[in-house]
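# curious how this folds, go ahead:
(one chain, ligands or ions: 1)
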Amino acid sequence: MSLLRPDDVIDHITQITPEFLEVRGLRGLLLDLDNTLVPYGSYDEVHDMMRWASELRQAGIRLYLLSNATGRRAAFWLDKLGFAGVGMAGKPSPRAYRRAVAELQLPPTEVGMVGDQLFTDVLGGNLCGLHTVLVRPLISNALPHTRAARTLERAVLRRYGHDWNP
Ligand SMILES: [Mg+2]
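Below is the predicted model:
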């Protein structure tokens, strides 16, 4: 069960500041796209997110997009974000996480995985020994398999003392 335990649970990515990262010894972040950086499926620019990412980068934090979205969708956002990353990452498979960590040229212990899903983002991050941050999804997703996953997430997180109602 501990592979499903996030190290931190937060409401929004902007709670991740250079100080937050310094306290945890983190110098790089792997970032989920859908419902973490932007609302699920959205192509609209999100100014507070863009500003947040650029402030972290100015503070020397290395960012990498690790998304299961299509290559085309990831490429659209990578062009806007201005840092590296991949789509179709196959999370929670550790392969793409390991490659991403290598790209950041940091030890896994200094890299965080930030995402809104326990069974992909957090599980894969924990399998690779990363610091995992679960963030509340930006919008609720009506897809049946996502709703089922959310119910399970809620049950797991309750065991860890988190009242999780995304
Ligand atoms: Mg997501």
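# residues in this protein within reach of the ion, list them.
When proximity is defined by Cβ under 5 Å from the ion, the chain lies next to the ion at 32, 34, 35, 116. Bear in mind the C-beta positions are built from the backbone N, C-alpha and C, glycine included.
# now the helices for this protein?
Per DSSP state H, the chain carries helices over the ranges 18-23, 47-58, 71-81, 94-104, 123-127, 144-159.
# among those helices, which comes closest to residue 111?
Closest to residue 111 of the helices of the chain is helix 94-104 (Cβ to Cβ; 5.3 Å).
# the closest one: how far from the chain's middle?
14 Å (Cα atoms, centre = their mean, to the nearest Å).
# where does this protein have low pLDDT?
1, 142 (pLDDT under 70).
# wait, residue 9 sits on residue 165?
No - using Cβ atoms under 8 Å, residue 9 makes no contact with residue 165, being 11.9 Å away.
# of those two, who's got more company?
residue 9 (18 against 9; other Cβ atoms under 10 Å).
# measure the more buried one to the ion for me?
For residue 9, the distance to the ion equals 15 Å [Cβ to the ion, to the nearest Å].
# so which of the residues of the chain next to the ion is surrounded by the most neighbours?
residue 32 (27 neighbours).
# what's the burial count for residue 2?
6.
# so what's it up against?
residue 126 (Cβ atoms under 8 Å, 6 or more residues apart in numbering).
# ok so, going back, hey, which of the helices of the chain is tucked in deepest?
Comparing the helices of the chain by mean neighbour count (mean count of other Cβ atoms under 10 Å), helix 123-127 comes out on top with a mean of 23.
# which other helices and strands contact that helix?
On a contact count with 3 or more Cβ pairs under 8 Å, 6 or more residues apart in numbering; DSSP states H and E, helix 123-127 meets helix 94-104, strand 111-115, strand 131-135.
# run the last query once more with 7 Å
helix 94-104 (3 or more Cβ pairs under 7 Å, 6 or more residues apart in numbering; DSSP states H and E).
# okay, angle between the helix it packs on and strand 111-115 too, please.
130 degrees (axes from the mean of the first three to the mean of the last three Cα atoms, to 10 degrees).
# residues making contact with helix 94-104?
28, 30, 62, 64, 66, 84, 86, 89-90, 108, 111, 124-125, 127-128, 130 (Cβ atoms under 7 Å, 6 or more residues apart in numbering).
# ok, now stretch 35-46?
By Cβ under 7 Å, 6+ apart, the surrounding residues in contact with stretch 35-46 are 13, 31, 34, 49, 76, 80, 114-116, 135, 137-139, 141.
# buried subset of the contacts of helix 94-104?
Restricting the contacts of helix 94-104 to buried positions leaves 28, 30, 62, 64, 66, 86, 89, 108, 111, 124-125, 128, 130, with burial counted as 16 or more other Cβ atoms under 10 Å.
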